[in-house]
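1. The following comprises the amino acid sequence and a computationally predicted model.
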Amino acid sequence: MKPTNISNPEYFHKVVDCQHACPAHTPVPEYIRLIAAERYTDAYMVNWESNVFPGVLGRTCDRPCEPACRRGRVEEEPVAICRLKRVAADNKDDISKLLPAAGARNGKKLALIGAGPASLTVARDLSPLGYEIHVYDENAKGGGFMRSQIPSFRLPEEVLDEEVGYITDNQAVTTFYNTRVDSLKALLDKDYDAFFVGSGAPKGRDLPDLPGRKEGDDNIHIGIDWLASVAFEHRESVGKKVIVLGGGNTAMDCCRTARRIGGADVKVIVRSPFADMKASPWEKDDAVAEDIPIIDNHTPLEFVIEEGKLVGMRFDKVRAEYDKKGRRKLVSTGEEPAFYPCDEVLVAIGQENAFPWIESETDIEFDNWGLPELNKNTFQSTNSKVFFGGDAAFGPENIITAVAQAHQAAISIDLFCQGEDLNVRPAPSTNLVSQKMGIHEWSYSNAVGDDLRFKVPHADKAAALGDRLLEVELGFSTQTGFEEAQRCLNCDVQTVFSEALCIECDACTDICPTDCINFIDNDKEEALRPQLRMPAKNLEQDLYVSSDLPTGRVMVKDEDVCLHCGLCAERCPTSAWDMQQFLYQVTKASQI
């Protein structure tokens, strides 16, 4: 194998598993250390620079960082990264003086369609650069689906209002709320220099061909539309018996909301096995904790109508069969169809894009799935002035993905307006600094304990079910937040090896608690991996390989199982190992 090029910013970035897994590449270990130091405002601003909505995401993020967390290789559960983000948000000081001001006007004007996470991120990134930014949204407040589809018992309105306000209160931003854009062509005819479409995926999927659908229409609702009607207080009650169709997070929000506005017998019925449901595990747990049964392996056959009224649904019982590639097929068990009575049905089986307001004359082309044809790096459409991001770009995802895409779209819009090449993307900002303070002392806490994950306290169940606006999760206290932060293994503090200082004494291999350091004859990667003291089986994580040492051997370290404990650096008599903090930040359109 060739020596590892650690000057490549993506090498150590990949080792910081949590940050690498985050679509916005938030420096997770950095803000967790700040929380442990009770520097909550600093921790919040580290988050805000990357993910824009720390208070929102600290409650609602899909947490792609947590399955990647290195702590999950030591304990059963990862660090509670998401909930630590909330600790920073809940305990920060007033940050108004830390927010970027509007830049001197540059003569360019932008139209952002939709006031969801993607459009707001674009506005945040571009407002310091002097753009005049107009945000259009059909609702009375900003937030998009964060406001209309996430119930208040998960995301209090005041938290969302605060973080939307950090962006829309900027003098560069003018909001046009209660203004529905019905024609992109009409907007293109105005004097805007560029456009960003962040209108989300506003169309919920239906079952239009299922028998009884038309006859029971008054009591059958599309999940996302129903959630919005509750959020905006157009609907205050639901039938006593409610069936929720679907297995994603929207279905979980629907069933839990229904319990709070009158549903006494609410059940979720889903086609797939429980383990295959798309809902986050914690969302399923919360629904079950509120006495909502989840009935899996049932496919809908019909809405049962009697005397013109919906009285229930009939389902076929199925089982899942998987081929050698893991592809699933649902096969009927042949049993009698199951009947479940209900007064109302909430259909939460997915979302899709809908752009009836984008006319063919706009020169924006769409693929066979109804999605815009985009450059996947620049988010530019076939009309060079129009950019997309968030769910409107590549279909339904989540808040953090919308933010990440919007950061890149904002760069593209800025390059476009300045007449520069959109394909020349700014490199990330990186730093690598030694943490050595003494012979055996580091500037970070390098002890590896075996603390188990702390549980987030919840509001009393009876009180929560009786009040749709009462937040269920109460968040960590500062003390529990400190203790949970101590579980972080500081995977951004890297083990950096110097061949010139190594005397090949093997002291580091003796002390390493995971046997991840090897001094071995070089070979091809496929031959090296099984020969290591602890065979390196995770092919997705790289091996750290030195250049040839005096004996002809090389140092090979399996980055996958390293605990970043620093014992190798402490034991080394020549300081051939050093613990160096690696900071990786995705460059934004403006320096925040």
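-> Done, it's in. Everything numeric in this text was worked out from a predicted model, so none of it was measured. Numbers count the residues shown, from 1 in each chain.
2. State the phi and psi torsions of the closest residue to residue 401 other than its chain neighbours.
-> Using CB to CB, 6 or more residues apart in numbering and skipping the chain neighbours, the partner closest in space to residue 401 is residue 23 (4.7 Å). C-beta here means a position set from N, CA and C on the backbone, and glycine is covered the same way. Backbone torsions for residue 23, taken as degrees, to the nearest 10, come to phi -60, psi -30.
3. Now do the contacts for the closest residue in space to residue 2 that isn't next to it in sequence.
-> Excluding its sequence neighbours, the residue lying closest to residue 2 (CB to CB, 6+ apart) is residue 545, at 7.1 Å. Listed by CB atoms under 8 Å, 6 or more residues apart in numbering, the contact partners of residue 545 are 1, 2, 3, 4, 522, 554, 555, 556.
4. Residue 545 and residue 568: what is the separation?
-> Distance of residue 545 to residue 568, given as CB to CB, to the nearest Å: 16 Å.
5. and residue 483, what element?
-> If you go by DSSP states H and E, residue 483 is part of helix 478-485.
6. Just give me the neighbour total for residue 13.
-> Neighbour count for residue 13, taken as other CB atoms under 10 Å: 18.
7. Any buried residues in the strand or helix carrying it, and which?
-> Element membership for residue 13, per DSSP H and E: helix 9-15. Of all the residues in helix 9-15, those buried under the rule 16 or more other CB atoms under 10 Å are 9, 11, 12, 13, 14, 15.
8. Could you list the domains of this structure?
-> Using automatic domain parsing, the domain ranges for the chain come out as 17-97+458-485, 99-202+353-417, 204-349.
9. Out of these, flag the one nearest residue 503.
-> domain 17-97+458-485 (29.5 Å; CB to CB).
10. Next up, the contacts around the nearest residue to residue 509 once chain neighbours are set aside.
-> Once flanking residues are discounted, residue 509 sits nearest to residue 517: 5.0 Å by CB to CB, 6+ apart. Contact partners of residue 517, counting by CB under 8 Å, 6+ apart, are 508, 509, 533, 555, 556, 557, 568.
11. most neighbours, which of those residues?
-> For these, neighbours tallied by other CB under 10 Å; top is residue 556, 26 neighbours.
12. Helix, strand, or coil at that residue?
-> Here residue 556 is strand, with the state taken from DSSP: H, G, I helix; E, B strand; the rest coil.
13. Quick check: it vs residue 520, distance?
-> 6 Å.
14. Which residues are in contact with each of those two?
-> With CB under 8 Å, 6+ apart as the test, residue 556 and residue 520 both reach 528, 532.
15. Lowest mean pLDDT among the helices and strands, pick that one out for the chain.
-> Least confident helix or strand of the chain, by mean pLDDT, DSSP states H and E, is strand 441-442 with a mean of 72.
16. Give the partner strands of it in its sheet and their orientations.
-> Next to strand 441-442 in the sheet, as set by DSSP bridges, lie strand 436-438 (antiparallel).
17. neighbouring contacts of the strand it pairs with?
-> With CB under 8 Å, 6+ apart as the criterion, strand 436-438 contacts 442, 443, 569, 578, 579.
18. neighbour-wise, which of these leads?
-> For those, the largest number of neighbours (other CB under 10 Å) sits with residue 569, at 25 neighbours.
19. any idea how far the closest residue to that residue other than its chain neighbours lies from residue 22?
-> Among residues not flanking residue 569 along the chain, residue 577 sits closest, at 4.0 Å (CB to CB, 6+ apart). Residue 577 sits 28 Å away from residue 22, going by CB to CB.
20. Please identify which of the buried residues of helix 9-15 is nearest to residue 317.
-> residue 14 (44.6 Å).
21. low-confidence ranges in the stretch 351-500 of the chain?
-> Applying pLDDT under 70 to the stretch 351-500 of the chain flags the ranges 439-440.
22. For it, which segments are assigned as helices?
-> With DSSP state H, counting those that start in this stretch as the criterion, the stretch 351-500 of the chain has helices at 391-394, 399-417, 461-465, 478-485.
23. Could you work out the most separated pair of the contacts of residue 545?
-> 2 and 555 (13.6 Å).
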